[in-house]
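1. Curious how this folds, go ahead:
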Amino acid sequence: MSLLRFASRSLLAGFFVADGLKPAINPDPYVEEAEPVARQVLDAAERYLPASLARCVPTKTATLVRIHGIVEVTGALMMATGIFRRAGAAMVVLAYGEKVVRTRHQVLARDTTSFIQELSLLGGVMLEAGRGRRPARARCRSKRSTTSATKAGASKAQAPAQRVSASRTAEKPSPTTVGRQAQTLRTALATTRAA
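-> Below you'll find the model as predicted:
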């Protein structure tokens, strides 16, 4: 992980830590605007969860607001530290995205720029949630090209005929192995002709 990525993730996560701490510490100012969402969550829990799990869902809106803030803070800290950063970014997207959708009418009535800023922050976290390692197919291709280049470099010391005779005496290889060996042989012959 580079220092630049660590710094940028930490700066991005700082906003969400501060934003989630407010309702986590003092949920009372947020209870009224979160009441409709809390009712929907409780209805969905009763409808879709088994009775044993539905009893575990808190019924007080203040508790749900506090949990919402804790989820946002936890996700932001995970994203900032790099420990399960994609899962943490997904937690922030869910928590903050819900808030943006819920309060969009109030924010747009106040100021369009604030709404665009909130969307921009959400987009940055979505990029972080989606950015990961290269796809497995690309990693496999680059590994194959590195391996074949290494074999081609080592083949200068070894005659191509010796490698072919060695491959014939081995156990019967699979068709994909034969294809790779043929490609390696063609690469080795091309490099010896060029040299």
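
2. What is the burial count for Ala109?
-> For Ala109, the count of nearby residues is 9 (other Cβ atoms under 10 Å). To be clear about C-beta, it is placed using only N, CA and C from the backbone, and glycine gets the same treatment.

3. Please give the element, helix or strand, for it.
-> helix 104-110 (DSSP states H and E).

4. which residues sit against the helix or strand following that helix?
-> Following helix 104-110 in sequence order, the next helix or strand is helix 112-130 (DSSP H and E). Applying Cβ atoms under 8 Å, 6 or more residues apart in numbering, the contact partners of helix 112-130 are 9, 12, 15-16, 79, 85-86, 89-90, 92-93, 96-97, 100, 104, 107-108.

5. if we go to 7 Å?
-> Applying Cβ atoms under 7 Å, 6 or more residues apart in numbering, the contact partners of helix 112-130 are 9, 12, 15, 79, 85-86, 89-90, 92-93, 96-97, 100, 104, 107-108.

6. Return that helix as PDB; C-alpha atoms alone will do.
-> What follows is helix 112-130, C-alpha atoms only, in PDB (Å, rounded to 0.1, in the frame of the first residue of the first chain):
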ATOM      1  CA  THR A 112     -27.700  22.400  -4.600                       C
ATOM      2  CA  THR A 113     -23.900  22.600  -4.000                       C
ATOM      3  CA  SER A 114     -24.200  20.700  -0.700                       C
ATOM      4  CA  PHE A 115     -26.100  17.900  -2.400                       C
ATOM      5  CA  ILE A 116     -23.500  17.600  -5.100                       C
ATOM      6  CA  GLN A 117     -20.800  17.500  -2.500                       C
ATOM      7  CA  GLU A 118     -22.600  14.700  -0.700                       C
ATOM      8  CA  LEU A 119     -22.900  12.800  -3.900                       C
ATOM      9  CA  SER A 120     -19.200  13.400  -4.700                       C
ATOM     10  CA  LEU A 121     -18.200  12.000  -1.300                       C
ATOM     11  CA  LEU A 122     -20.500   9.000  -1.900                       C
ATOM     12  CA  GLY A 123     -19.000   8.400  -5.300                       C
ATOM     13  CA  GLY A 124     -15.400   8.500  -3.900                       C
ATOM     14  CA  VAL A 125     -16.300   5.800  -1.400                       C
ATOM     15  CA  MET A 126     -18.000   3.800  -4.100                       C
ATOM     16  CA  LEU A 127     -14.800   3.900  -6.000                       C
ATOM     17  CA  GLU A 128     -12.900   2.700  -3.000                       C
ATOM     18  CA  ALA A 129     -15.400  -0.100  -2.500                       C
ATOM     19  CA  GLY A 130     -15.100  -1.300  -6.100                       C
END
